[in-house]
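[1] please work out how this folds:
(one chain, ligands or ions: 1)
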Amino acid sequence: MNFGERNMLRGFRPLAAAWLGGAALLLLNMGATAVDAKREPFGALADGRQVEAVVLSNNAGIRVKIMTLGAAIQALSIPDRSGHAGDVVLGFDSPQEYLQNPSYFGATVGRFANRIAKGHFTLDGKTYTLATNDHGNHLHGGLKGFDKVLWSIDSVKSGSPATAVFSYTSPDGEEGYPGTLRVTASYSLNDAAVLRVEFRATTDKSTIVNISNHSYFNLSAETGASVLSHLLQVNAAKYTPVDVGLIPTGELRAVEGTPFDFRKPTAIGLRVRDGHDQQIRYGRGYDHNFALDGTLGESRLAARVADPSSGRIMEIFTKAPGLQFYSGNFLDATIAGKGGRVYREGDALVLEPQLFPDAPNQKTFPSARLDPGNTYVNTMEYRFSTDKPARPAGVK
Ligand code: GLA
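    Below is the predicted model of the structure:
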């Protein structure tokens, strides 16, 4: 049952509503459902620049806060199977901490999410050199990627869905990329517990683009439980193995018989330390791109994550060809996030719908090219539900 269906039950079936939480809730939810969008300040950076946020919240108890720094998801509160809401994403309480400890928490990553080998690529015979920020490779847009810039808020609208549109114009040559890139990041939330994130970009010169969201999820929400017991399903028969620098070799390898086979829901912790597989050693766990099944360009279920302890379930739908699954291997307890909580390996997982890593240098991978006159679009839908409807205490 998703939260939207539960909401309808509350509104239209008094008995079910009473079972779900009593007359007060019924009165609260009898009216037309709506999703609210509000702008609010989110503190200042050390240089004095102000950061703003937009909060989208619905009657099903979902609340998402997106800030102008990195057009990043700063908080995402989702009810568990008992109806108790909890924040399921990692992050910081103040904006400056995001710049001091760059881990891409919740951020929009670009211009090119993931890695480009040695920061080089060739387009129409010309070789471009990008900023290198990851062991000689280019990662997530370089030294000052989309996660580290202030975005503008273009529009904020309540209703179902409620939407917030952020924009950023990346100047020609920024971090070494050709073309002025105009980017929007749209977030929308509806009453059916669907959070939709859509990135769009246009350019004035031929260039490359690959933009994604880098939220670190822990569906148990601040309980201290690791994600290693989360059950993950990824609808991919193949993945892109990498070299020691996490650059794809170009091979599309079958997941069958390997720790990368998530075609059936499997606990992340079951094989995350399986050192028999060299790929697990290279990634220090999972840090790999899956080649999603299904027809390219059609929205399909890419991944499903279920937390048996809280009952929260998240499904990700996308049209993108790839999904990077990163098991938070570089969280090493050296930084404290929201509420002073120290983040350690296994505290979160990242699932990024995107093109394949190093696509500009791999002829067989789907192209990252964007030409003037065309629009780059990458849409991802996060659908939230629980494994059982909420029951008030004492009801069996
Ligand atoms: C990505 C990469 C990881 C790591 C994180 C940020 O998901 O694939 O290797 O760099 O970003 O820490």
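
[2] return the set of residues that bridge with the single nearest residue of the stretch 201-350 of the chain relative to the ligand.
    As assessed by C-beta to the nearest ligand atom, the ligand sits closest to residue 326 within the stretch 201-350 of the chain, at 3.8 Å. All C-beta spots, glycine's among them, are computed from the backbone N, C-alpha and C. Listed by DSSP bridges, the beta-bridge partners for residue 326 are residue 287, residue 350.

[3] ok, it - contacts?
    286-287, 349-350, 352 (C-beta atoms under 8 Å, 6 or more residues apart in numbering).

[4] closest one to residue 120 out of these, please.
    residue 287 (21.6 Å; C-beta to C-beta).

[5] now that closest one: how far from residue 107?
    Here residue 287 is placed at a distance of 17 Å from residue 107 (C-beta to C-beta, to the nearest Å).

[6] next one: residue 338
    Distance of residue 338 to residue 107, computed by C-beta to C-beta: 15 Å.

[7] how about residue 95?
    From residue 95 to residue 107 the distance is 12 Å (C-beta to C-beta).

[8] so for the two, which sits in the more crowded spot?
    Neighbour count, other C-beta atoms under 10 Å: between residue 95 and residue 107, residue 107 has more, with 28 against 25.

[9] which phi and psi does that one have?
    phi -80, psi 160 (degrees, to the nearest 10).

[10] who's it bridged to?
    residue 214.

[11] thought residue 214 was touching it, still the case?
    Yes: with contact defined as C-beta atoms under 8 Å, residue 107 counts as touching residue 214 (4.9 Å).

[12] common neighbours of the two, please.
    residue 147.

[13] list the residues that contact residue 130.
    Residue 130 neighbours (C-beta under 8 Å, 6+ apart): 112, 116, 119-121, 138, 142, 175-177.

[14] which one (most neighbours) among those?
    In those, the most neighbours by other C-beta under 10 Å go to residue 112, 31 neighbours.

[15] that one is in contact with residue 368, isn't it?
    Yes: between residue 112 and residue 368 there is a contact at 6.9 Å, judged by C-beta under 8 Å.

[16] any residues in contact with both of the two?
    208-210, 360.

[17] check these and tell me the two furthest apart.
    209 and 360 (10.1 Å).

[18] shared neighbours, these two?
    With C-beta under 8 Å, 6+ apart as the test, residue 209 and residue 360 both reach 112, 368.

[19] would you mind listing what in the stretch 151-300 of the chain touches the ligand?
    Residues of the stretch 151-300 of the chain that fall close to the ligand, judged by C-beta under 6 Å from any ligand atom: 246, 287.

[20] spell out, range by range, the strands that occur in the stretch 151-300 of the chain.
    152-157, 162-170, 181-189, 194-203, 207-208, 212-214, 216-217, 231-234, 238-240, 253-254, 266-267, 287-291, 300-306 (DSSP state E, counting those that start in this stretch).

[21] using PDB, write out every CA atom in the longest one.
    By that I understand strand 194-203. This file holds the C-alpha atoms of strand 194-203, laid out as PDB (Å, rounded to 0.1, in the frame of the first residue of the first chain):
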ATOM      1  CA  VAL A 194       6.100  10.100  -5.500                       C
ATOM      2  CA  LEU A 195       9.100  12.400  -5.500                       C
ATOM      3  CA  ARG A 196      10.100  13.200  -9.100                       C
ATOM      4  CA  VAL A 197      13.400  14.800  -9.900                       C
ATOM      5  CA  GLU A 198      14.100  16.000 -13.400                       C
ATOM      6  CA  PHE A 199      17.300  17.500 -14.800                       C
ATOM      7  CA  ARG A 200      17.300  19.400 -18.100                       C
ATOM      8  CA  ALA A 201      20.100  21.100 -19.900                       C
ATOM      9  CA  THR A 202      20.700  23.000 -23.100                       C
ATOM     10  CA  THR A 203      24.000  24.200 -24.600                       C
END
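
[22] start the count at 45 instead of 1 going forward.
    With the count now opening at 45, the last piece we talked about shows up as strand 238-247.

[23] what's the mean pLDDT across that strand?
    For strand 238-247, mean pLDDT is 98.

[24] residues making contact with it?
    100, 106, 108, 120, 152, 154, 205, 223-234, 253, 255-257, 414-416, 418-428.

[25] go on, the second one?
    Outside of strand 206-214, the residues within contact range by C-beta under 8 Å, 6+ apart are 79-81, 98, 100, 102, 110, 112, 115, 152, 155, 190, 193, 195-201, 221, 224-234.

[26] let's see it at 7 Å
    Where contact means C-beta atoms under 7 Å, 6 or more residues apart in numbering, the residues beyond strand 206-214 that reach it are 79-81, 98, 100, 110, 112, 115, 155, 190, 193, 195-201, 224-233.

[27] what do you get for stretch 185-194?
    Residues from elsewhere that reach stretch 185-194 (C-beta under 7 Å, 6+ apart): 93, 95, 112-114, 116, 143, 146, 148, 151-156, 174-175, 177, 184, 212, 219.

[28] now the end-to-end length of that stretch.
    From its first residue to its last, stretch 185-194 covers 15 Å (C-alpha to C-alpha, to the nearest Å).

[29] tell me the pLDDT at the residue nearest to residue 344 when sequence neighbours are not counted?
    Spatial nearest neighbour of residue 344, excluding adjacent residues (C-beta to C-beta, 6 or more residues apart in numbering): residue 338 at 4.0 Å. Looking at residue 338, its pLDDT is 94.

[30] how about residue 70?
    On the pLDDT scale, residue 70 gets 33.

[31] please apply the same query to residue 376.
    For residue 376, the model assigns a pLDDT of 94.

[32] what of residue 411?
    Among the per-residue scores, residue 411 shows a pLDDT of 97.

[33] for the closest residue to residue 265 other than its chain neighbours, what are its contacts?
    Leaving aside its sequence neighbours, residue 265 sits nearest to residue 130 (C-beta to C-beta, 6+ apart; 2.8 Å). Listed by C-beta under 7 Å, 6+ apart, the contact partners of residue 130 are 121-122, 124, 265-266.
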